[in-house]
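Student: The following block contains a protein sequence and its predicted model.
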Amino acid sequence: MSPELDLACRAAREAGALLRANFETKLDVDAMHRHDIKLALDVESQKLIERLILATFPDHAIYGEEGLAGDQSSDSQWIVDPIDGTVNFFYGIPHFCVSIAMRRAGELKIGAIYDPMMDELYAVDFEGLATRNGQPIRPSDRAELAEAVVTVGFSKSSESIDAGLARYKSIAHRVRKTRMMGSAALALAYIACGRLDAYIEEAISLWDIAAGQLLLERGGGSVVLTPSPGNPDKSGIVASNGRIELRVEG
């Protein structure tokens, strides 16, 4: 394991332990939006991760959901989602994670996703297969859309929700089942290990998907990102096991 991945895994586990200790406790809410929630714990989790990373690599950059840190001119950038699935976490639904990726010169190099409630650590290094708790993983070999289980995400604006509903309608009758699970990072990790076959969402942020994208692509899966209309910081995503042909209309 590279020093970078070792650090990402350690930071993800420590942040995950923080989340697990605070699960189903009284939480301080920083902001309550129409389709989202921001917790003080989001910031606390990211600060913990920042301290660990910058203690080892003080000249690296951090790009996180809760802000920037480090040297933003560095070509080594850590991409951090301190709680992916905050709404699930707030409502006591045990499906959320910590996601940490590192890219160098714009190319994803390592990733770690930790699900503290399942105690599952997904990791991918500079080379080699992605792993779950140290064991290699691969996407499913299902090639027929009619056999696929597809997870669908619905974003936060009215426009993206409407577009997502159109996308959902275009595939719902063609697949075996659809699921709406509330964590983009875990959706990609689940495709990477064969639990799911595909994932679509209209508007998603880099920190939600960076680690999961590398996990999935390393096993031969497919991730297609398209610019989100009117929001340069978000992308639409169509991800799959690389075997099914998923054409999404709408």
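Tutor: Yes, it's here.

Student: packing partners for the lowest-mean-pLDDT helix or strand in the chain?
Tutor: Across the helices and strands of the chain, mean confidence by mean pLDDT, DSSP states H and E is lowest for strand 29-32: a mean of 71. Applying 3 or more C-beta pairs under 8 Å, 6 or more residues apart in numbering; DSSP states H and E, one finds that strand 29-32 makes contact with strand 37-39, helix 40-56. Any C-beta I mention is one placed from the backbone N, CA and C, and that applies to glycine too.

Student: and if we set it to 7 Å?
Tutor: Using 3 or more C-beta pairs under 7 Å, 6 or more residues apart in numbering; DSSP states H and E as the contact criterion, the secondary-structure elements in contact with strand 29-32 are strand 37-39.

Student: so where's this protein uncertain?
Tutor: By pLDDT under 70, the low-scoring segments of the chain are 32-36, 156-157, 230, 247-250.

Student: Point to the residue nearest the middle of it.
Tutor: Residue closest to the average C-alpha location in the chain (C-alpha atoms, centre = their mean): Ala185, at 2.0 Å.

Student: how far away is Ala211 from Ala185?
Tutor: When distance is defined by C-beta to C-beta, to the nearest Å, Ala211 is 6 Å away from Ala185.

Student: scratch that, Pro136
Tutor: Taking C-beta to C-beta as the measure, Pro136 falls 19 Å from Ala185.

Student: Equivalent analysis for Glu24, please.
Tutor: Taking C-beta to C-beta as the measure, Glu24 falls 21 Å from Ala185.

Student: still on that earlier bit, list residues touching both of Ala211 and Ala185?
Tutor: Contact with both Ala211 and Ala185 is made by residues Ser99, Ile113, according to C-beta atoms under 7 Å, 6 or more residues apart in numbering.

Student: follow-up on the earlier one: what residues does the least confident helix or strand of the chain touch?
Tutor: Ile37, Lys38, Leu39, Ala40.

Student: cool, stretch 67-77 as well?
Tutor: Glu50, Leu54, Phe57, Asp59, His60, Ala61, Ile62, Tyr63, Met102, Arg103, Arg104, Ala105.

Student: which one of these sits closest to Ile204?
Tutor: Ile204 has its nearest neighbour among the contacts of stretch 67-77 in Tyr63, at 14.9 Å by C-beta to C-beta.

Student: and that closest one, that's in a strand?
Tutor: Yes: for Tyr63, which was evaluated using DSSP: H, G, I helix; E, B strand; the rest coil, the result is membership in a strand.

Student: For Ala105, see how far away it is.
Tutor: 14 Å.

Student: Now Arg103. Nearest residue, chain neighbours left out?
Tutor: In space, Arg103 comes closest to Gln77 once its chain neighbours are excluded; the distance is 5.4 Å by C-beta to C-beta, 6 or more residues apart in numbering.

Student: Need the buried ones from the contacts of stretch 67-77 selected in PyMOL.
Tutor: Applying 16 or more other C-beta atoms under 10 Å to the contacts of stretch 67-77 leaves a buried subset, and the PyMOL line that selects it is:
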select buried, resi 50+54+57+60+61+62+63+102+103
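
Student: farthest pair in the contacts of stretch 67-77?
Tutor: The most widely separated members of the contacts of stretch 67-77 are Glu50 and Ala105, with 21.5 Å between them, by C-beta to C-beta.

Student: what's the domain layout of the chain?
Tutor: Domain assignment for the chain by automatic domain parsing gives 3-136, 145-240.

Student: Please identify the most buried of those.
Tutor: For the domains of the chain, average neighbour numbers computed from mean count of other C-beta atoms under 10 Å are highest in domain 145-240, which has a mean of 20.

Student: measure it end to end?
Tutor: Domain 145-240 has an end-to-end distance of 11 Å (C-alpha to C-alpha, to the nearest Å).

Student: Just give me how far that domain sits from the chain centre.
Tutor: The chain centroid and the centroid of domain 145-240 are separated by 10 Å, computed with C-alpha atoms, centre = their mean, to the nearest Å.
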